[in-house]
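Asker: no FASTA, just this:
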């Protein structure tokens with residue numbers, strides 16, 4: 001009889017107990033030479049080696065941070081907004097532009113100040129919301145600029161979410 005370590009092709013076989021295992025389960029060793037067939041739970045995953053677990057990202061652009069305007073962003077799943085990052089497409093002048101992030105119903109999630117002093121293409125600002133940042137499916141977020149600055153410059157936002 002061949003040693004298990006040298007088996008190939010048709011001589012390979014399924015793990016012990018597979019015939020009685022429920023669908024969509026995996027064999028989990030207990031460390032003592034045995035184990036059970038079970039579903040993998042979120043708590044069983046080593047999330048330190050899996051990036052962006054339960055994360056979602058949306059990117060949206062306003063054509064001119066220096067013109068008062070806004071954009072509505074649909075939210076398709078229950079989630080928590082964890083970060084808003086902005087990047088401007090060019091220098092702005094005269095005054096800062098204030099960006100307000102608002103949840104449906106008029107609840108302010110937070111603001112970003114886009115500084116005109118020393119501004120340049122590629123400047124990044126971020127907001128870590130601490131309130132009014134949980135959403136249900138079919139909700140929305142409004143991102144608005146007060147248009148306080150001058151000089152036309154695009155502004156792009158990356159919204160980061162944790163799905164709930």
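Answerer: That came through fine. Computed from a predicted structure; not experimentally measured. Numbers count the residues shown, from 1 in each chain.
Asker: Which neighbouring elements make contact with the one helix or strand residue 80 maps to?
Answerer: Assigned by DSSP states H and E, residue 80 belongs to strand 79-88. Packing partners of strand 79-88 (3 or more C-beta pairs under 8 Å, 6 or more residues apart in numbering; DSSP states H and E): strand 97-103, strand 107-114, strand 124-127, strand 134-135, strand 155-163. Every residue, glycine included, has its C-beta placed from N, CA and C.
Asker: Adding distance to residue 3 and mean pLDDT, write those out as a markdown table.
Answerer: Formatted as a markdown table, these follow (distance: least, C-beta to C-beta, whole Å; pLDDT from 0 to 100):
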| stretch | distance to residue 3 | mean pLDDT |
| --- | --- | --- |
| strand 97-103 | 63 | 98 |
| strand 107-114 | 62 | 97 |
| strand 124-127 | 58 | 98 |
| strand 134-135 | 57 | 97 |
| strand 155-163 | 47 | 97 |
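Asker: so where is this structure shaky, pLDDT-wise?
Answerer: Under the criterion pLDDT under 70, the flagged ranges of the chain are 1, 12-13.
Asker: Tell me how it divides into domains.
Answerer: According to automatic domain parsing, the chain is divided into the following domains: 4-44, 55-163.
Asker: re earlier: who does the strand holding residue 80 pair up with?
Answerer: Strand pairing for strand 79-88, determined by DSSP bridges: strand 124-127 (antiparallel), strand 134-135 (antiparallel), strand 155-163 (antiparallel).
Asker: Now do it against strand 97-103, angle only.
Answerer: Interaxial angle, strand 79-88 versus strand 97-103 (axes from the mean of the first three to the mean of the last three C-alpha atoms, to 10 degrees): 160 degrees.
Asker: now the angle between strand 107-114 and strand 79-88, please.
Answerer: Using the same axes, to 10 degrees: strand 79-88 against strand 107-114 is 20 degrees.
Asker: Buried residues, strand 79-88. List them.
Answerer: For strand 79-88, the neighbour count (16 or more other C-beta atoms under 10 Å) marks 79, 81, 84, 85, 86, 87, 88 as buried.
Asker: Take those and write them to JSON lines, including distance to residue 100.
Answerer: Shown next, in JSON lines, are the buried residues of strand 79-88 (distance: C-beta to C-beta, whole Å):
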{"residue": "79", "distance to residue 100": "20"}
{"residue": "81", "distance to residue 100": "14"}
{"residue": "84", "distance to residue 100": "11"}
{"residue": "85", "distance to residue 100": "16"}
{"residue": "86", "distance to residue 100": "12"}
{"residue": "87", "distance to residue 100": "18"}
{"residue": "88", "distance to residue 100": "16"}
